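[1] A structural model of the following input is requested.
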Amino acid sequence: MFSDFMVNTWIASTIVAIVAGLVGFFVVLRGSSFLAHALPHGAFAGAAGAALLGLDPILGMGVFAVGGALTVSTLGRRGRNDVVIALALVVMLAAGALFLSLGGQYSAEVFALLFGQILGVSSAELLPILVLGTVCVVAVIATYRPLLLASVLPEQAAARGIGTFGVSIFFAVLVALATTMSVPIPPLTEDRRKDIVKHLHKVLENHRTALRNVRRDIKEAVDKLEKEKLITIEA
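    As a prediction, the model looks like this:
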């Protein structure tokens, strides 16, 4: 349970859970669940484009996530927000498919961003997750009151001088950062896979030993009760 890869898994999961709780509260409050769903899938295009150029896929994903958030916030002001989000998602997914086809080869890092592997988090990948998570938490705490007012009562917030459009852009970027922080789960390397298999075998063997001990104790207790004629077991 406390092997190296499991410790990294617990730390990354805890950071993501904290940020998801804070940001997710406002996602539900503002009715932005479609945006939170679309950004991580659409930002896949950035990861594919970065891999095509030989750059870090996480960097490309962050750029596309923020760019998509800004685009949706700006265009959504002039029309239906859900339609803008759907169009942005389709365009970014199409761009991602184009970048992958231009690359002409399977990219494990890119596909790991789509399907992920929480057990593949290494110590080096914890730092960007922690930094982006800290930024998200500090941003929510620092803007909690105006963000809450603009989310619940946008008209009253505007009357008090709070720019609701600016809050919308800020929140979309916040969701993009949270997305970039939570998605970078790398593929399993062969060494890490062997460590996981070894650990699981050890856990399985411990459970087998515990089960044998329980069965032995039960048999001894039953034999004792039968010997004292407190119970009778029919053949």
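[2] drop to CA atoms for contacts and neighbour counts, all remaining ones
    Will do.
[3] which stretches of the chain form strands?
    Secondary structure of the chain (DSSP state E): no strands located.
[4] Domain map for it?
    Domains of the chain are assigned by automatic domain parsing as 4-188, 189-235.
[5] Find me the pLDDT at Lys194, would you?
    Per-residue pLDDT puts Lys194 at 64.
[6] again, but for Asp191
    62.
[7] Run through who's touching stretch 161-176.
    Here stretch 161-176 makes contact (Cα atoms under 8 Å, 6 or more residues apart in numbering) with 23, 35-36, 39-40, 62, 65-66, 69-70, 73-74, 77, 136, 139, 146-147, 150, 154, 157-158.
[8] wait, what's in contact with the spatially most central residue of the chain?
    Geometric centre of the chain, nearest residue: Ser182, 3.5 Å, by Cα atoms, centre = their mean. Contact analysis of Ser182 by Cα under 8 Å, 6+ apart lists 16, 129.
[9] try it again with 7 Å
    Contact partners of Ser182, counting by Cα atoms under 7 Å, 6 or more residues apart in numbering, are Val16.
[10] For it, give me the pLDDT.
    If you check Ser182, the pLDDT there is 75.
[11] how close does it sit to Ala210?
    Ser182 is 37 Å from Ala210, where distance means Cα to Cα, to the nearest Å.
[12] One more: Val90?
    Taking Cα to Cα as the measure, Val90 falls 52 Å from Ala210.
[13] out of those two, which sits in the more crowded spot?
    Comparing Val90 with Ala210 by other Cα atoms under 10 Å, the one with more neighbours is Val90, at 15 against 12.
[14] What sits closest to that one if chain neighbours are left out?
    Gly42 (7.5 Å; Cα to Cα, 6 or more residues apart in numbering).
[15] Name the helix or strand of this structure that has the lowest mean pLDDT.
    helix 108-115 (a mean of 57; mean pLDDT, DSSP states H and E).
[16] circling back: of all the domains of the chain, which gets the most neighbours per residue?
    domain 4-188 (a mean of 18; mean count of other Cα atoms under 10 Å).
[17] need the helices for the protein, in chain order.
    Along the chain, counting by DSSP state H, helices occupy 4-29, 33-42, 44-53, 57-75, 81-103, 108-115, 123-142, 144-152, 154-159, 164-182, 190-227.
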